[in-house]
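Peer 1: dropping the sequence and predicted coords here.
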Amino acid sequence: MQFKNPIIGLCQQAAFMISAAKVDQCPDDQGFEVAFAGRSNAGKSSALNTLTHASLARTSKTPGRTQLLNFFRLDEERRLVDLPGYGYAKVPIPLKLHWQRHLEAYLGSRESLKGLMLMMDIRHPLTEFDRLMLDWSAASEMPMHILLTKADKLAYGAAKNALLKVQTDLRKGWGDGVTIQLFSAPKRMGIEEAQAVLARWMELEDTPPAG
């Protein structure tokens with residue numbers, strides 16, 4: 001008999017909590033948080049919405065619309081965080097600098113942050129932003145799991161080859177600590193694998209009920 005991973009139920013009841021422009025506007029720093037990061041066109045909002053079976057994060061044909069730290073409540077102790085996207089965002093340089101400063105402050109100071117989900121477009125992986133996030137993750141010993149998004153844009157064989165290539169590059173540059181998988185929001189590919197990572201980071205176990 002298989003038992004339902006408890007993270008699935010929590011994700012299904014995810015609800016918007018608060019938006020923060022600065023670290024001091026974030027919720028109390030306790031419990032468990034997992035943050036979602038990615039270049040502005042990497043499909044971050046679509047991935048977040050697919051994993052939660054909801055329309056939490058705003059998706060847009062104009063990249064870079066996420067300009068705040070957006071918190072989504074799973075239960076009293078657990079939250080997901082949608083971080084500002086970078087890359088193609090058509091915003092003034094001062095605003096980009098503001099995002100960078102407060103993103104660094106959040107990543108560097110948040111005790112409840114247990115892991116980072118990094119979205120990479122499978123057709124354009126390991127961008128400069130991705131490498132910066134990987135460097136930060138390694139330096140801070142923060143667990144990171146990569147979703148190679150838009151995997152449906154490639155044939156299955158080509159997608160698997162892309163995955164193997166990025167895995168090789170990750171081992172060479174950052175060791176074996178970073179995990180990675182294929183993901184497609186439209187095809188609902190890789191949802192269970194990603195949710196299993198969330199469950200582990202949030203200390204939820206897929207175990208049978210007592211008795």
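Peer 2: Arrived safely.

Peer 1: ok, what's across the strand from the closest residue to Asp82 other than its chain neighbours?
Peer 2: Nearest non-adjacent residue to Asp82, counting by C-beta to C-beta, 6 or more residues apart in numbering: Asn70, 4.1 Å away. Yep, even glycine has a C-beta here, placed from its N, CA and C like the rest. Beta-bridge partners recorded for Asn70 (DSSP bridges): Ser19, Asp82.

Peer 1: tell me the pLDDT at Asn70?
Peer 2: The score at Asn70 is 90. That number is its pLDDT.

Peer 1: surely it is in contact with Phe16?
Peer 2: Yes: with contact defined as C-beta atoms under 8 Å, Asn70 reaches Phe16; the gap is 7.3 Å.

Peer 1: so where's this structure uncertain?
Peer 2: 1-4, 57-66, 86-93, 95-96, 98-99, 205-211 (pLDDT under 70).

Peer 1: just give me the longest strand of it.
Peer 2: strand 113-121 (DSSP state E).

Peer 1: partner strands of it, with direction?
Peer 2: Here, using DSSP bridges, strand 113-121 pairs with strand 32-38 (parallel), strand 144-149 (parallel).

Peer 1: among the ones you listed, which is the most enclosed?
Peer 2: strand 144-149 (a mean of 25; mean count of other C-beta atoms under 10 Å).

Peer 1: next secondary structure after that strand?
Peer 2: helix 156-174 (DSSP states H and E).

Peer 1: name the residues that touch the helix or strand just after that following helix?
Peer 2: Stepping forward along the backbone from helix 156-174, the first helix or strand reached (DSSP H and E) is strand 179-182. With contact meaning C-beta atoms under 8 Å, 6 or more residues apart in numbering, strand 179-182 is reached by 122, 144-148, 151, 159-160, 163, 166-167, 170, 189-190, 193-194, 197.

Peer 1: again with stretch 126-136
Peer 2: Outside stretch 126-136, the residues that reach it (C-beta under 8 Å, 6+ apart) are 37, 39, 86-87, 107, 116, 118, 120, 142, 144, 166, 169-170, 173-174, 178.
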